[in-house]
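A.B. asks: Quick one: sequence plus predicted model below, questions after.
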Amino acid sequence: MVRVVNTPAKVNLPRYQPTTLGFEDAVQQAKDILYQADRASLRLGEIADRVEPRYGDETLKKLANTIGVSPRTLERHRDVFRAWKEIPAPERELVTYSIAKELETHPDRFKIIKGNPNLTKVEAHQLMREYRQRNEGKTTAQAGDDEREAKVKWQSDLPLRLDKVLGDLDLDGHWLLDDPPDADLVDRADRVVEAALKLRGYLKWAHEATPEELEEARQGHVNKQSREQQTDDRLEIPDFLRRAA
């Protein structure tokens, strides 16, 4: 017996032929994409502010890792949204993330937006600059003194905080594990150990370092923070928004 196999006919699909965009159309479409991404950053901040604290203090980090953005960026978006969350909804709809970030700490930010809904980022930056110049209450030296005072307090309080951690980790005094711990608790314990080893390494190094070595390391840390802040100030578009665009 001869077996007959039905082979599907080959279908010739039309080849994709991209069309050229007029320059004005390209500009408008690009502006629309950037505007939506800018608005999305503020919306992400709102989501970060409203999300249920299912994972306690780790909720924001868990959310950021799940959606594919850095926790630092998501925290920044949340802070910007919180600075504007009290503004009435109609006015808040007029604010883009870039404008909201520029005017985040301006005491008259609500009034500014209401009076000038078409405010540009450049104009917002200038308003913030003028506000800082009028209200610069501390000299550079005073700011440096405040920073040193905060560091001294951190170091002087460290022994008490370490004693508290040791007390919290004392199994003889806190044997509460009647049921097996979940994976999240084990993961947190791992992070505590990792942080403790890092702190121990730093304290041991700082104890043995020369003043010149300490100053060199301190300056390197300051430069690193400055680079991270410059990176954070750029508009970061999450991967899922890039894919959607």
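C.D. replies: Okay, I see it.

A.B. asks: what about the residue nearest in space to the middle of the chain, distance to residue 210?
C.D. replies: Geometric centre of the chain, nearest residue: residue 73, 2.0 Å, by Cα atoms, centre = their mean. Per Cβ to Cβ, to the nearest Å, residue 73 is found 37 Å from residue 210. Yep, even glycine has a C-beta here, placed from its N, CA and C like the rest.

A.B. asks: Go through the helices and strands of the protein and name the one with the lowest mean pLDDT.
C.D. replies: helix 239-244 (a mean of 42; mean pLDDT, DSSP states H and E).

A.B. asks: shouldn't the residue nearest to the centre of the chain be in contact with residue 64?
C.D. replies: Yes. In terms of Cβ atoms under 8 Å, residue 73 counts as a neighbour of residue 64; the distance is 7.3 Å.

A.B. asks: what's the spacing between residue 122 and residue 76?
C.D. replies: Applying Cβ to Cβ to residue 122 and residue 76 gives a distance of 21 Å.

A.B. asks: of those two, who's got more company?
C.D. replies: Shown here are residue 122 and residue 76; by other Cβ atoms under 10 Å, residue 76 has more neighbours (22 against 9).

A.B. asks: Report the residue ranges of every domain in this protein.
C.D. replies: Taking automatic domain parsing as the criterion, the chain consists of the domains 23-137, 140-233.

A.B. asks: Pick the most buried one from those.
C.D. replies: domain 23-137 (a mean of 15; mean count of other Cβ atoms under 10 Å).

A.B. asks: roughly how far out does that domain sit from the chain middle?
C.D. replies: Here domain 23-137 is found 12 Å from its chain centre; the criterion is Cα atoms, centre = their mean, to the nearest Å.

A.B. asks: For that domain, give the mean pLDDT please.
C.D. replies: Averaging pLDDT along domain 23-137 yields 87.

A.B. asks: give the contact list for residue 199.
C.D. replies: Shown in contact with residue 199 (Cβ atoms under 8 Å, 6 or more residues apart in numbering): no residues.

A.B. asks: what does residue 124 give?
C.D. replies: With Cβ under 8 Å, 6+ apart, residue 124 has these contacts: 98-99, 102-103, 112.

A.B. asks: Now for these: which two are most distant?
C.D. replies: 98 and 112 (14.3 Å; Cβ to Cβ).

A.B. asks: pull the CA atoms of the helix or strand hosting residue 125 into PDB?
C.D. replies: Here residue 125, judged by DSSP states H and E, is contained in helix 121-134. The C-alpha trace of helix 121-134 is given here as PDB (Å, rounded to 0.1, in the frame of the first residue of the first chain):
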ATOM      1  CA  LYS A 121      12.600  71.100  32.800                       C
ATOM      2  CA  VAL A 122      15.100  74.000  32.100                       C
ATOM      3  CA  GLU A 123      12.700  76.500  33.700                       C
ATOM      4  CA  ALA A 124      12.100  74.200  36.600                       C
ATOM      5  CA  HIS A 125      15.800  73.800  37.100                       C
ATOM      6  CA  GLN A 126      16.300  77.600  37.100                       C
ATOM      7  CA  LEU A 127      13.600  78.100  39.600                       C
ATOM      8  CA  MET A 128      15.200  75.500  41.900                       C
ATOM      9  CA  ARG A 129      18.600  77.100  41.400                       C
ATOM     10  CA  GLU A 130      17.200  80.500  42.400                       C
ATOM     11  CA  TYR A 131      15.500  79.100  45.400                       C
ATOM     12  CA  ARG A 132      18.700  77.400  46.600                       C
ATOM     13  CA  GLN A 133      20.700  80.600  46.100                       C
ATOM     14  CA  ARG A 134      18.100  82.600  48.200                       C
END
